[in-house]
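Undergrad: Pasting a predicted model and its sequence here:
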Amino acid sequence: MGSVEGEKERAEKQGCIGVMNVGAGLEDKTMHMLPCGTNYTGPAAVDDYFKIRAAGTNEDGIVMKEAAFRGRKLMGSTLLLPDGFCGFVLKKDAGLNPENGKAKVKSSDKEAFDVWAADSRFGGFTYWNHDTLPSKADHIRSVMEWLPVSAALHEEVTTDEVAAMAEKVKTQSGLHITIKREYSRFFNFLWICAHL
Amino acid sequence: MVTGSPSPSWKEKPCILGIDEAGRGPVLGPMVYGCAYCPLDQKERISTLQFADSKVLTETKRDELYDSLLADSLMGWAVDVIDPKDLSAKMLRREKISLNTISFESAMGLIRNTLNLGVLLSEVYVDTVGDPEKYQAMLTERFPGIKFTVSKKADSLFPIVSAASIVAKVTRDRALRGWTMDETGREIARGFGSGYPGDPDTKAWLEAHVNPVFGFPSLVRFSWSTCKPLLTKGGVDVYWEDADDEDDAERKQKPKHIEEESCAPNRHPYFKSRKLQQVVTRL
């Protein structure tokens, strides 16, 4: 890992506003997404207080869990991240501000440059609903759908594939591209065209 | 959960049943609804058995009467123990269920349970919750054919209700004494007093057992107004989506990120509907 200054320079060239350091051998953590918010950031005695019980399977075939937080009954379901994804718990590193050498960078500072360090990792999480049973319609489930779409969108496209795509576009009347995966790659194709 | 004596041999005789509760007021522990019943022709005998309002009896006397009631072949009983976790959960639901409603449902559950055992109920005596007339009308409508007497202080007026109050009180006391805390990690002292919000021991115990994040152990009824100031003082702020009953001042303190939606000019509805926000832009 280079100096913060070096990181910043490199990152800024790529248009980034911060860097994230992911070390090896991170601890796997169990994550919970609660239907409430707090201003608090810090440790919590999750294992001692947040007691989870199995609650059967519902109509949607979702395996449910039951717990309580602050007197409210919560019903939850565990989601795994899709293949190729990994979750990280990030902590803001006490990175020095390259300008003045001070330890903390204000978030309101336009020049702010955040350095994040991965504290631990997770391969999935349990989301909790207040009162309502977990269902297929839960908003967080549709969020998860975006991940494979995003992955496909940002996949590298080889020159052979570009050529094949160009051929297809030529031979077909109009841009009649039906297969989903190809549709997403089409964006990459356009992007590459713009840069050729 | 309702538990009680098995279906009696005298169930086809017209019977009287009394209902009373224990632990409605306390901020912790279960609320117990209890019922006692016997054949109508035992009414006279029951009144000689020294059943009285459980609150005026000593613990030893209560235990004695409880044991004699359980051993009495001409009496039946049942209890509905409502866990503090269930009380908190119901009263803090998005659509809140009041303690009165929980109480009505418990009392009606005891009647239904007794009828399901095949007991022929002719008269039912209930210690009232709220307005006795309304309560009586509601019960009469639900269980036509049963003569209901709903009144204040029924536990000292009718021996069968006194008997029910003893069953309820002893059950609650024993449940509290044998309570196993769900929570682990720290020794949770048992000196929580009577559980009534006004009891100094209860107050001190509550104050000493606030976890900043999780609040109290699940023995405590979070829905009690006693809890709120203690949580504000000893705990971190927690905001719920359904907190419509909070006043405006509290609302303003809500951290911004909680209500943040996905917003940017021309953001596609796909992202808007999923509340997906772009964090980093790569140029």
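TA: All right, it came through fine.
Undergrad: Please count neighbours and contacts with C-alpha atoms only from this point.
TA: Will do.
Undergrad: Around A:P134, how many other residues sit close by?
TA: When neighbours are defined as other C-alpha atoms under 10 Å in any protein chain shown, A:P134 has 26 of them.
Undergrad: Give me the phi and psi angles of it.
TA: phi -60, psi 140 (degrees, to the nearest 10).
Undergrad: residue contacts, it?
TA: A:I62, A:M64, A:M75, A:G76, A:S77, A:W128 (C-alpha atoms under 8 Å, 6 or more residues apart in numbering or on different chains).
Undergrad: Pull up the distance across stretch B:121-141, start to finish.
TA: 15 Å (C-alpha to C-alpha, to the nearest Å).
Undergrad: Contacts for it, please.
TA: Against stretch B:121-141 from outside (C-alpha under 8 Å, 6+ apart): B:14-20, B:100, B:103-104, B:108, B:115, B:145-155, B:158, B:160-161.
Undergrad: again, 6 Å this time
TA: B:14-20, B:146-152, B:154 (C-alpha atoms under 6 Å, 6 or more residues apart in numbering or on different chains).
Undergrad: now swap in stretch A:67-85 and tell me
TA: By C-alpha under 6 Å, 6+ apart, stretch A:67-85 touches A:51-52, A:64-66, A:123-131, A:133, B:88-89, B:92, B:214-215, B:222.
Undergrad: In that stretch, which residues are buried?
TA: A:67-78, A:81 (16 or more other C-alpha atoms under 10 Å in any protein chain shown).
Undergrad: pull the CA atoms of that stretch into CSV?
TA: Only the C-alpha atoms of stretch A:67-85 are listed here, as CSV (Å, rounded to 0.1, in the frame of the first residue of the first chain):
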residue,chain,number,x,y,z
ALA,A,67,-36.5,-12.3,16.5
ALA,A,68,-37.3,-9.2,18.5
PHE,A,69,-35.7,-5.8,18.7
ARG,A,70,-36.7,-3.2,21.3
GLY,A,71,-39.9,-5.0,21.9
ARG,A,72,-40.9,-5.2,18.3
LYS,A,73,-41.4,-8.6,16.7
LEU,A,74,-39.3,-9.1,13.5
MET,A,75,-39.7,-11.7,10.8
GLY,A,76,-36.6,-12.2,8.7
SER,A,77,-35.2,-14.1,5.8
THR,A,78,-31.5,-14.7,4.8
LEU,A,79,-30.3,-13.7,1.4
LEU,A,80,-27.0,-14.9,-0.1
LEU,A,81,-25.0,-12.6,-2.3
PRO,A,82,-24.8,-13.8,-5.9
ASP,A,83,-21.7,-15.7,-7.1
GLY,A,84,-18.7,-13.5,-7.6
PHE,A,85,-19.9,-11.0,-5.1
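Undergrad: So for that stretch, mean pLDDT?
TA: Stretch A:67-85 carries an average pLDDT of 93.
Undergrad: Likewise for stretch B:199-214?
TA: 94.
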